[in-house]
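Peer 1: Okay, structure incoming, though there's no sequence with it:
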């Protein structure tokens, strides 16, 4: 990978799975990495692993299901008064049913609204640290979503497996990336969405047992899944690209719906209103 000595990075959901691998590899390349996760106890072993290998890592408390906690996490990082060159929005959930603290469907809230707010609160710091990158871990599951039922996003998860809601949240990730690229054009901040593959990680821990066992038969390892995240985060080949979607470290065309600029702008407008930001 590119030498990242002197660079500062945040990786959300980095105590397990592809987030853990991503954080370890970024630190190995020389970056100082903040592991943004809910639990210090579950994250500290990864921090210790990185520091034992000579890397630089710190814990940052972040709960994407609680917008007040998201604001607190961003404020805690900004108070450090250090640059931010890379934000990897990796954290997410699938197959879990419920509603967030702020009364949004749980998967949409954790996978889109929390990262949307966190990214926007850190955006000025990213711009001042440019060149900087924002990497959003989406999924090929976005192709299964046929749009947004805006009213459903304010109610608990409807389906038993949560897969339909997961697809909607991943469509939001791809649209958010494209609209963010439009809004940051010329600032030195570039954005990327990606499909990591179907990975055997804790993201699926709440999927009902029979479905989870079948899924694991065809899943990739976290190490394999982190490759595209690291490619988008570090490859010099992408320095002039922004707002695009990648799979297996190659640019791919997302779904037709994910390429709709009107829908992307509408999602941004509603998301900003819901989290209390100017549109």
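Peer 2: Yep, that arrived. What you see is a predicted model, and the numbers here were worked out from it, not measured in a lab.
Peer 1: what secondary structure does the spatially closest residue to residue 254 that is not a sequence neighbour sit in?
Peer 2: Spatial nearest neighbour of residue 254, chain neighbours left out: residue 245 (4.3 Å); criterion: C-beta to C-beta, 6 or more residues apart in numbering. Every residue, glycine included, has its C-beta placed from N, CA and C. The assignment at residue 245 comes out as strand when based on DSSP: H, G, I helix; E, B strand; the rest coil.
Peer 1: residues near residue 245, how many?
Peer 2: For residue 245, the count of nearby residues is 24 (other C-beta atoms under 10 Å).
Peer 1: doesn't residue 175 make contact with it?
Peer 2: No - Residue 245 lies out of contact with residue 175 (C-beta atoms under 8 Å); the separation is 10.4 Å.
Peer 1: Need the residues touching each of these two.
Peer 2: Counting by C-beta atoms under 8 Å, 6 or more residues apart in numbering, the shared contacts of residue 245 and residue 175 are residue 258.
Peer 1: what residues are up against residue 179?
Peer 2: Each residue near residue 179 by C-beta under 8 Å, 6+ apart is listed here: 261, 264, 265, 267, 268.
Peer 1: Pull out the buried members of those residues.
Peer 2: With neighbours counted using 16 or more other C-beta atoms under 10 Å, the contacts of residue 179 contain these buried positions: 264, 265, 267, 268.
Peer 1: Tell me how far the residue nearest to residue 254 lies from residue 180.
Peer 2: Per C-beta to C-beta, to the nearest Å, residue 245 is found 13 Å from residue 180.
Peer 1: what do you get for residue 140?
Peer 2: Distance, residue 140 to residue 180, by C-beta to C-beta: 20 Å.
Peer 1: what do you get for residue 117?
Peer 2: According to C-beta to C-beta, residue 117 and residue 180 sit 13 Å apart.
Peer 1: coming back round to it: ok, residue 140 and residue 180, which is more surrounded?
Peer 2: residue 180 (24 against 18).
Peer 1: where along the stretch 151-279 of the chain do the strands fall?
Peer 2: Ranges of strands in the stretch 151-279 of the chain, per DSSP state E, counting those that start in this stretch, are 189-195, 244-247, 250-252.
Peer 1: partner strands of the shortest one, parallel or antiparallel?
Peer 2: Strands flanking strand 250-252 in the sheet, each with its direction: strand 244-247 (antiparallel) (DSSP bridges).
Peer 1: Distance from the partner strand to the middle of the chain?
Peer 2: 14 Å (C-alpha atoms, centre = their mean, to the nearest Å).
Peer 1: again, but for stretch 44-57
Peer 2: The chain centre lies 22 Å from the centre of stretch 44-57; the measure is C-alpha atoms, centre = their mean.
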